[in-house]
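>>> model the following, please.
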Amino acid sequence: MSVHFVGAGPGAADLITLRAAGLLAAADVVLYPGTYLDREVLGHCRSDARLVDTQDLDLDRMTAVMVEADAAGQDVVRLTSGDPSLYSALHEQTRRLDAAGVAWDVTPGVPAYAAAAARVGRELTVPLVSQSVVLTRTQARSTAMPTTESLAAFAATRATLVLHLGITRVRELMAELAAPYGTDCPVVVVHRASQPEEQVLRGTVLDIADQVERAGLRQAAVILVGRALAGPEAPGAGESFLYSADRERSTRDSPTQESARRSR
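Next comes the predicted model:
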C-alpha cells in the first residue's frame, strides 16, 4: 500500500483534481488539516473511511497513524491545504516514511495564491510590469527564515509578492513594503479562497492593514502585492510577444493539420 500526499486545493470541494477525488474515494484512512480545509472536500471519501484531523497532531503522531495504517494493508491519503509543494511539511513527513520503509507519492493541488488571483480576475505576471512571482512567508512564531530570504531583498525586485502566514503582521509588512512598492501599490487579501467563509479585501499598501483589522482576519489568508494587480490599468502594461501579430510563427503542422495530412 502507499501513502498518497494529495493537494486539497484552496478549499472548495470541486477545486480538487480528478486524481485526488479518485484517491479519496479509494482511501481507507484520510488525514486532513482541519484548520484550513472545508469539510465538504471530505465528501469525496468513502462513508467507512477513517478520518483523522491533524490540527492537534505533531509530525511523529501523524507519521504513526500512516505507518500503522500501511502495516494493516490500508491505503492512506494525507491531504494538504493548497498544493503539497508549498508549506506542507512534505519533506519532514516523507523522511519519516522513508525511514519506516513506507511507500508514498504526491498528487498536486490548486495553490491558495492561484485561487486568490482567480477570485479577483488578475494575472500575476503582466508584460512590462512584472514577470516574476515571489512566494514567501514571514517569521513570527514560526520556523526561522534563511538569512538570504529577507522580505527587503524580495521587495527590491518589485516582483508580484505572495505572502503566506503573515495576516497577523500585515501592518508591519506594509510598512516594510511602502518604500520599494509605493503606498499606492495595489494589495489584495483573500481569506479562505473558494470556501463559504471567503472574504476578499482590495486596497493599497497604505490602507490594507486597516481593512484587515476591521475584518478581524487572523488566519487562512493570502496577501498579494504588486502593480500587476491593477490588471489592464497597470501603468506601463504591455502585451505578450508570444501572441503578437508581429511574431514569426512556426510552420510546424498543428495536431489537426497533421491528422488531416496523414489521412490524405
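
>>> you'd agree residue 224 is in a strand?
Yes. The assignment for residue 224 is a strand, going by DSSP: H, G, I helix; E, B strand; the rest coil.

>>> what residues are up against it?
The contact partners of residue 224, by CB atoms under 8 Å, 6 or more residues apart in numbering, come to 113, 116-117, 122, 124, 160-163, 187-190. Where you see a C-beta, it was placed from the backbone N, CA and C, and this is true even at glycine.

>>> ok, which pair from the residues you listed is furthest apart?
Spatially, the most separated pair among those is 122 and 163, at 15.6 Å (CB to CB).

>>> please say which of these two ends up with more neighbours.
Each of residue 122 and residue 163 has its neighbours counted (other CB atoms under 10 Å); residue 163 has more, 25 against 20.

>>> circling back: which ones among the contacts of residue 224 lie within strands?
Within the contacts of residue 224, residues falling in strands by DSSP state E are 160-163, 187-190.

>>> put the buried members of those residues into a ChimeraX selection.
This is how ChimeraX selects the buried members of the ones in strands among the contacts of residue 224, with burial counted by 16 or more other CB atoms under 10 Å:
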select :160,161,162,163,187,188,189,190
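
>>> distance to residue 14 and pLDDT added to the ones in strands among the contacts of residue 224, as TSV?
Listed next are these as TSV, based on distance: CB to CB, whole Å; pLDDT from 0 to 100:
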residue	distance to residue 14	pLDDT
160	27	97
161	29	97
162	23	97
163	27	96
187	28	98
188	23	98
189	23	98
190	18	97
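
>>> out of the ones in strands among the contacts of residue 224, which is nearest to residue 204?
Nearest to residue 204 out of the ones in strands among the contacts of residue 224 is residue 187 (CB to CB; 5.9 Å).

>>> low pLDDT regions in the chain?
1, 139-142, 241-264 (pLDDT under 70).

>>> residue closest to the middle of it?
Nearest to the mean C-alpha position of the chain, counting by CA atoms, centre = their mean, stands residue 111 at 2.3 Å.

>>> doesn't residue 82 make contact with that one?
Yes. When contacts are counted by CB atoms under 8 Å, residue 111 is listed as touching residue 82 (4.5 Å).

>>> who touches both of those two?
7, 10.

>>> measure the residue nearest to the centre of the chain to residue 77 for me?
Residue 111 sits 18 Å away from residue 77, going by CB to CB, to the nearest Å.

>>> got it, and residue 87?
19 Å.

>>> would you list the contacts of residue 224 in JSON lines and tack on distance to residue 229?
Shown next, in JSON lines, are the contacts of residue 224 (distance: CB to CB, whole Å):
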{"residue": "113", "distance to residue 229": "12"}
{"residue": "116", "distance to residue 229": "10"}
{"residue": "117", "distance to residue 229": "9"}
{"residue": "122", "distance to residue 229": "5"}
{"residue": "124", "distance to residue 229": "8"}
{"residue": "160", "distance to residue 229": "7"}
{"residue": "161", "distance to residue 229": "10"}
{"residue": "162", "distance to residue 229": "11"}
{"residue": "163", "distance to residue 229": "13"}
{"residue": "187", "distance to residue 229": "7"}
{"residue": "188", "distance to residue 229": "6"}
{"residue": "189", "distance to residue 229": "11"}
{"residue": "190", "distance to residue 229": "12"}
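
>>> ok, the residues you listed vs residue 221, which is closest?
residue 189 (5.6 Å).

>>> element containing the residue nearest to the closest one when sequence neighbours are not counted, please.
Of all residues not flanking residue 189 in the chain, residue 201 sits nearest, at 4.3 Å (CB to CB, 6 or more residues apart in numbering). Per DSSP states H and E, residue 201 falls inside strand 199-204.

>>> which element follows that strand toward the C-terminus?
helix 208-215.

>>> pretty sure residue 149 contacts residue 135?
No. Counting by CB under 8 Å, residue 149 stays clear of residue 135, with 11.0 Å between them.
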